[in-house]
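> got a predicted structure here, sequence first:
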Amino acid sequence: MNSTETTKPKDAASFAHRLLEWYDVHARTMPWRVPPHDHLQGVRAEPYHVWLSEVMLQQTQVATVKAYFLKFISKWPTVFDLANSDQEDVLKAWAGLGYYSRARNLKKCADVVVADHQGKFPQTFDELKKLPGIGDYTASAIASIAFDQPVAVVDGNVERVMSRHQGIKTFFPEAKAETKAMLAKILDRDRPGEFAQATMDLGATICTPKKPTCSLCPINEDCLGFKNDNAELFPYKKPKALKPTRKGAAFVIQNDNNEIFLCKRPEAGLLAGMTQVPTNAWNSNQDANEDTTDAPFVADWTHAGVAKHTFTHFHLELTVWKTHQIMTPKIAGWWCNINNIAEEAIPKIMLKVIKTAL
C-alpha cells in the first residue's frame, strides 16, 4: 500500500447510513442500552446508566461488566441512591472489577452530580469533563449516547475500525486526535449516539483484532484494509514495554472459627482503601522481603506458596505465609469467616493469596 494512499466514504451520509442500517439489525443487547427500534420511537438512554456502564467498561470486558452493572442498579437505582451510599459498600460491590480508583471516583462523581447538578448529569462534553473520574472518552460517550450530542467517540473498537477503513499509519494513541477529527466529519447528526455504538459493535463483532470477517462488514466497499487485504496490520501500535516483576510477602492468619484476619490498605496509592491480609511494603516501583522479616508478629509461619497477579504496569509475586492464631493480633483489623470473604472489598490478588494459603 502506498504510504500516501487514503480513502474516504463515497460521502459521509452513505458511510453513516450503511453503518446504522447494519446496527439496526445487529446491535448487541446491553442492560444499559436502548435498542435501536426503541430509540427511533423516542426512547432515550438513562444518563445514570450510561455513565455507570462507561466507567465500568474502562479496562473491563463487556461480559464481566453486565453482572456488575445489574448489581449496582439493583442496589443503587438512581444517582441519588449512590450518592447516599457508604464508600465502603461501593468498594465491596466493585470488588473483582479491578482499577479501584474508578469505584472511588464513582462515589465522588455521584456526590457532585447530586450536590451541584440536582441529580442531573451535564449534557455537554466540556461540563461532563469537570466531574470526578470523567476523562475525554467517558465525557464523549455520555454526551453522545445519553444526550445525542454530535461528539466523536473513540474507544479501542472504534480505533480498529477507523484505522483499517482509512489506512491510518500513525501510531495509537497519537492517532486518536486524527481519528476523532475524521469521525466528527462523518458521524450521523441525527443519531450520533447510535452511530458511536454501531462503530463499537462493528469492532467488537466483525472488525475484530484477529481474523475479521470483512466480507460481512457494511462499510467494506471503501475500506482500505479490506481492499489491500491487510486489515490485521491495523491499528499501528508501538511495542509495549516489558513489565517488571515485583515481589513481596503476605501473611494469612486463621483461627479456630474458620476466620481469616483482614485489615485495610492505606487510603492512598495502589488498591487504596481496599481490604487485604497483612502484607509488606511492595509497590509498582520496589520489591519487599519475601520471607517473614516483615510479619505482623512473631509466630510459627508456614510457607504456603506464591500468589501471582498482573497489574497495568507490573507483575506481582507474593510469597504467602500462614499461621494459626487464637487471640486477635495486636494490629488494626478484624476477623472474617472464610465463607464471607467475597462480601468484603477485597481485590483479586488478595483472594489469590488466601486461596494459596487454604
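Thanks, I have it.
> number of nearby residues for the residue lying closest to residue 231 once chain neighbours are set aside?
Computed as C-beta to C-beta, 6 or more residues apart in numbering, the closest residue to residue 231 that is not its neighbour in sequence is residue 225, at 3.3 Å. Where C-beta positions appear, they are placed from N, C-alpha and C, glycine not excepted. Counted with other C-beta atoms under 10 Å, the burial measure for residue 225 works out to 26 neighbours.
> next one: the one 3 residues further on
Burial of residue 228 is recorded as 14 neighbouring residues (other C-beta under 10 Å).
> tell me what the helix or strand harbouring the residue nearest to residue 231 is packed against?
If you go by DSSP states H and E, residue 225 is part of helix 224-227. Packed against helix 224-227 by the contact rule (3 or more C-beta pairs under 8 Å, 6 or more residues apart in numbering; DSSP states H and E) you find helix 156-166.
> what angle do the next helix or strand after the helix it packs on and helix 156-166 make?
With elements assigned by DSSP H and E, the helix or strand that comes after helix 156-166 is helix 176-186. When axes from the mean of the first three to the mean of the last three C-alpha atoms, to 10 degrees is applied, the directions of helix 176-186 and helix 156-166 differ by 70 degrees.
> what does the next helix-or-strand element following helix 176-186 rub up against?
Tracing the chain past helix 176-186, the next element assigned as helix or strand by DSSP H and E is helix 192-205. For helix 192-205, contacts defined as C-beta atoms under 8 Å, 6 or more residues apart in numbering pick out 16, 19-20, 22-23, 26-28, 33, 36, 39, 45, 62, 140-141, 144-153, 155-162, 183, 187-188, 217-219.
> out of these, which are buried?
Among the contacts of helix 192-205, those that count as buried by neighbour count (16 or more other C-beta atoms under 10 Å) are 16, 19-20, 22-23, 27, 33, 36, 39, 45, 140-141, 144-149, 151-153, 155, 157-162, 183, 187-188, 217-219.
> contacting residues for the residue nearest to residue 231?
For residue 225, counting by C-beta under 8 Å, 6+ apart, the contacting residues are 164-165, 167, 212, 214, 231, 233-234.
> ok, it to residue 156 distance?
16 Å (C-beta to C-beta, to the nearest Å).
> what is the neighbour count of residue 169?
Applying the criterion other C-beta under 10 Å, we find 15 residues in the vicinity of residue 169.
> quick check: closest non-adjacent residue to it.
What sits nearest to residue 169 in space, not counting adjacent residues and going by C-beta to C-beta, 6+ apart, is residue 236, at 5.7 Å.
> bridging residues for residue 316?
Beta-bridge pairing of residue 316 under DSSP bridges involves residue 246, residue 309.
> thought residue 290 was touching it, still the case?
No. Between residue 316 and residue 290 no contact is recorded; they are 11.8 Å apart, counting by C-beta atoms under 8 Å.
> more neighbours, the two?
residue 316 (22 against 18).
> who's in contact with the more buried one?
Residues near residue 316 by C-beta under 8 Å, 6+ apart: 245-248, 282, 308-310, 349.
> adding neighbour count and distance to residue 322 as columns, could you present the residues you listed in CSV?
What follows is the contacts of residue 316, written out as CSV (neighbours: other C-beta atoms under 10 Å; distance: C-beta to C-beta, whole Å):
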residue, neighbour count, distance to residue 322
245, 12, 23
246, 19, 21
247, 16, 18
248, 19, 16
282, 22, 18
308, 13, 17
309, 17, 18
310, 12, 23
349, 21, 16
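> what's the closest of those to residue 274?
Proximity of the contacts of residue 316 to residue 274 (C-beta to C-beta) peaks at residue 349, which lies at 9.6 Å.
> re earlier: overlap in contacts of residue 316 and residue 290?
For the pair residue 316 and residue 290, residues contacting each of them under the criterion C-beta under 8 Å, 6+ apart are 247-248.
> which SSE is residue 56 in?
Taking DSSP H and E as the criterion, the element that holds residue 56 is helix 47-57.
> could you say what helices and strands that helix packs with?
Under the contact definition 3+ C-beta pairs under 8 Å, 6+ apart, helix 47-57 sits against helix 62-75, helix 101-117, helix 136-147.
> apply 6 Å and report the result again.
Under the contact criterion of 3 or more C-beta pairs under 6 Å, 6 or more residues apart in numbering; DSSP states H and E, helix 47-57 touches helix 62-75, helix 136-147.
> just those helices: most buried one?
With neighbours defined by mean count of other C-beta atoms under 10 Å, none of these is more surrounded on average than helix 136-147, at a mean of 24.
> now that one - C-alpha only, CSV.
Extracted in CSV, the C-alpha atoms of helix 136-147 (Å, rounded to 0.1, in the frame of the first residue of the first chain):
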residue,chain,number,x,y,z
ASP,A,136,-12.2,12.7,27.3
TYR,A,137,-13.5,9.3,26.3
THR,A,138,-16.1,8.9,29.0
ALA,A,139,-17.3,12.5,28.5
SER,A,140,-17.7,11.9,24.8
ALA,A,141,-19.6,8.7,25.3
ILE,A,142,-22.0,10.1,27.8
ALA,A,143,-22.6,13.3,25.7
SER,A,144,-23.2,11.2,22.6
ILE,A,145,-25.1,8.2,23.9
ALA,A,146,-27.2,9.8,26.6
PHE,A,147,-27.8,13.2,25.1
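> which residues touch that helix?
When contacts are defined by C-beta atoms under 6 Å, 6 or more residues apart in numbering, helix 136-147 is touched by residues 45, 47, 50-51, 54, 123, 125, 128-129, 149, 151, 153, 192-193, 196.
> at 8 Å what do you get?
Under the criterion C-beta under 8 Å, 6+ apart, external residues in contact with helix 136-147 comprise 44-47, 50-51, 54-55, 58, 121, 123-126, 128-129, 134, 149-155, 192-193, 195-197.
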